[in-house]
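S.K.: Structural data only, the sequence is not supplied:
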């Protein structure tokens, strides 16, 4: 049952998701603040549309330091993600509508079809290079500063 569901999802994504060159991402900046007042900035690509969120970082090389992709789901809900077609390990940082980090899935397994869950309803997910959250000092005590300066 699970294999057939994954196969159906794979076929759907192959048919519904445009080629990598067809999906364009605008760029921006996120700022997190730690309890000590330190600010951590990350340059991101915005994944705002269904097509952008479906494509994500698939088939991308490793991310540079202080770069990533922010997925805005447009509402607060449970989110599940996976690493299929993503060749580099990522840290997935799940963030609620208030900017609170609710979970960090560290060093996800490249090319895995295992589901990574937000654990509770969220609004945003940030993907950065695997292990980079710890290097930056990002943990559940840091907050994403809102509102975001999203593209119009």
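M.R.: Yep, that arrived. Values in this document were obtained by computation on a predicted structure and should not be read as measured data.
S.K.: Residue 71 belongs to a strand, doesn't it?
M.R.: Yes - counting by DSSP: H, G, I helix; E, B strand; the rest coil, residue 71 is found in a strand.
S.K.: Counting neighbours, what do you get for it?
M.R.: 24 (other Cβ atoms under 10 Å). Where you see a C-beta, it was placed from the backbone N, CA and C, and this is true even at glycine.
S.K.: and it, what is it in contact with?
M.R.: Applying Cβ atoms under 8 Å, 6 or more residues apart in numbering to residue 71 gives the contacts 47, 53, 56, 79, 124, 125, 126, 127.
S.K.: Quick one, grab the pLDDT at it.
M.R.: Looking at residue 71, its pLDDT is 92.
S.K.: By pLDDT, rank the contacts of residue 71 and give me the bottom one.
M.R.: The member of the contacts of residue 71 with the lowest pLDDT is residue 56, at 81.
S.K.: From residue 110, how far out is that one?
M.R.: Distance, residue 56 to residue 110, using Cβ to Cβ, to the nearest Å: 13 Å.
S.K.: swap in residue 45?
M.R.: 19 Å.
S.K.: more neighbours, these two?
M.R.: residue 45 (21 against 15).
S.K.: for the helix or strand residue 32 falls within, packing partners?
M.R.: If you go by DSSP states H and E, residue 32 is part of strand 27-33. On a contact count with 3 or more Cβ pairs under 8 Å, 6 or more residues apart in numbering; DSSP states H and E, strand 27-33 meets strand 39-47, strand 67-77, strand 143-144.
S.K.: just the ones you listed: most buried one?
M.R.: Each of the helices and strands packed on strand 27-33 was assessed for mean neighbour count using mean count of other Cβ atoms under 10 Å. The highest is strand 143-144, with a mean of 20.
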